[in-house]
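> Got a predicted structure plus its sequence, pasted below:
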Amino acid sequence: MPTPQKAIFNGMGQNQWYVHLSRTEGADLGVIKTALSGLVTDCNAEGINLTLGFGPGLLPELTDDVPEDFQAYTTVESTDGSGRQAKGTQEELLLWLNHDDKDKVWKAQYDARKALEGHMAVARETPTFIYGESLDMTGFKDGTGNPADEDQPAVAVVLDGASGAGGSHIIAQRWVHDLDGWNALSVDQQEKNFGRMKFPEIEKTDQQEAYSHLSHVELRENGNHGNEESGKRNEIARRSTPYAFHDGTVGLYFMAFCKDQAPLRERMRLMYGLDGANNVRDAMTDYSNPASGSFYFAPSEETLAAIIN
């Protein structure tokens, strides 16, 4: 079995940095590979967690080890007239770095960007951090639906023998929160919207409303999502952290890994009331929506080494 990129399952450092890039006109793949090789070397030397994700427009130009059903991210919009949407901004390369020392993270991503200059341009970047005990800015604990640590590779890594074996599909979105609107709600209504308690944070509400977040993202075998009546299906491994910009914009940088891309697309469509959600939108989309979104694939360590060396 090929080896997954180790940083996917390492404990996350306090400080994260996400950088999205796409090629410029006349870009040289050789220069890009050399720059990424240097980034890997530097991060290994400094103990920085690094995950490299490649978009569907770039990966096939670098390797034949491309997973099945690897699609570009396109905007998903509700049909209820609200105008709510999960905006698509598909780019070609994702650098995800994290470490407790913010200086190290900043320096490594800066050096990589300089090495890529003239061949790849930064489309967007988001520095994030771990807030309290892994809280979202809404005050709710993030990632409580994750499988146990030891079970995450089984849901996040492409199986041996399949195209892309040892790799992982990634969804990367920057959600923007309306915190004033959210904080104006009673705790009871916030809990109904999420489908779980604020304290203790791992307890679900007694009843899952059709509009609850869990009713859209905790997929169940019988379609009664968010409830305990049947087993979970198509689980994902979440790696999300909050951010706060100087202009007052705050939100959640949502990143998740899965062995297939389809479950990532399914959750997003359900959140916007499409398909099996029967036009019932996730209540959280009244208070938060993605300003950007891309799909990537993190190839195995072996495939990555073949790409950059």
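Right, received. Where do you want to start? Residues are numbered from 1 along each chain as shown.

> Tell me which stretches of the chain form helices.
Along the chain, counting by DSSP state H, helices occupy 29-46, 59-62, 102-116, 152-156, 179-183, 187-194, 214-217, 262-271, 301-308.

> Tell me the spacing between the residue nearest to residue 109 when sequence neighbours are not counted and residue 215.
In space, and not counting its chain neighbours, residue 109 is closest to residue 17: 5.0 Å by CB to CB, 6 or more residues apart in numbering. C-beta here means a position set from N, CA and C on the backbone, and glycine is covered the same way. Here residue 17 is placed at a distance of 33 Å from residue 215 (CB to CB, to the nearest Å).

> before we move on, what about residue 267?
11 Å.

> now do residue 4
According to CB to CB, residue 4 and residue 215 sit 31 Å apart.

> ok, now residue 293?
Here residue 293 is placed at a distance of 21 Å from residue 215 (CB to CB).

> cool, residue 104 as well?
41 Å.

> if you count what's nearby, which of these two comes out ahead?
Between residue 104 and residue 215, residue 215 has the larger neighbour count (other CB atoms under 10 Å), namely 22 against 19.

> That one against residue 223, yeah?
No. Here residue 215 does not reach residue 223: they are 10.5 Å apart, not a contact under CB atoms under 8 Å.

> All the strands of the chain, residue numbers only.
In the chain, the strands defined using DSSP state E lie at 15-23, 49-54, 76-77, 85-86, 93-99, 120-129, 168-177, 237-238, 241-244, 250-258, 288-298.

> Quick one: list the elements packing against the fourth one.
Read that as strand 85-86. strand 76-77, strand 288-298 (3 or more CB pairs under 8 Å, 6 or more residues apart in numbering; DSSP states H and E).

> next one: the longest one
In terms of contact count using 3+ CB pairs under 8 Å, 6+ apart, strand 288-298 is assigned the packing partners strand 49-54, strand 85-86, strand 93-99, strand 168-177, strand 250-258.

> Distance to residue 77 and mean neighbour count added to those, as a markdown table?
Below are the helices and strands packed on strand 288-298 laid out as a markdown table (distance: least, CB to CB, whole Å; neighbours: other CB atoms under 10 Å):
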| stretch | distance to residue 77 | mean neighbour count |
| --- | --- | --- |
| strand 49-54 | 25 | 24 |
| strand 85-86 | 4 | 19 |
| strand 93-99 | 24 | 24 |
| strand 168-177 | 14 | 24 |
| strand 250-258 | 18 | 22 |
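
> closest to residue 281 out of the ones you listed?
Proximity to residue 281, assessed across the helices and strands packed on strand 288-298 by CB to CB, is greatest for strand 85-86 (10.8 Å).

> lowest confidence element among the helices and strands of this protein?
The helix or strand of the chain with the lowest confidence, counting by mean pLDDT, DSSP states H and E, is helix 214-217 at a mean of 94.

> Relative to the whole chain's centre, how far out is that one?
Chain-centre distance of helix 214-217: 17 Å, with CA atoms, centre = their mean, to the nearest Å.

> Show the secondary-structure elements that that helix is packed against.
Looks like helix 214-217 contacts helix 262-271 (3+ CB pairs under 8 Å, 6+ apart).
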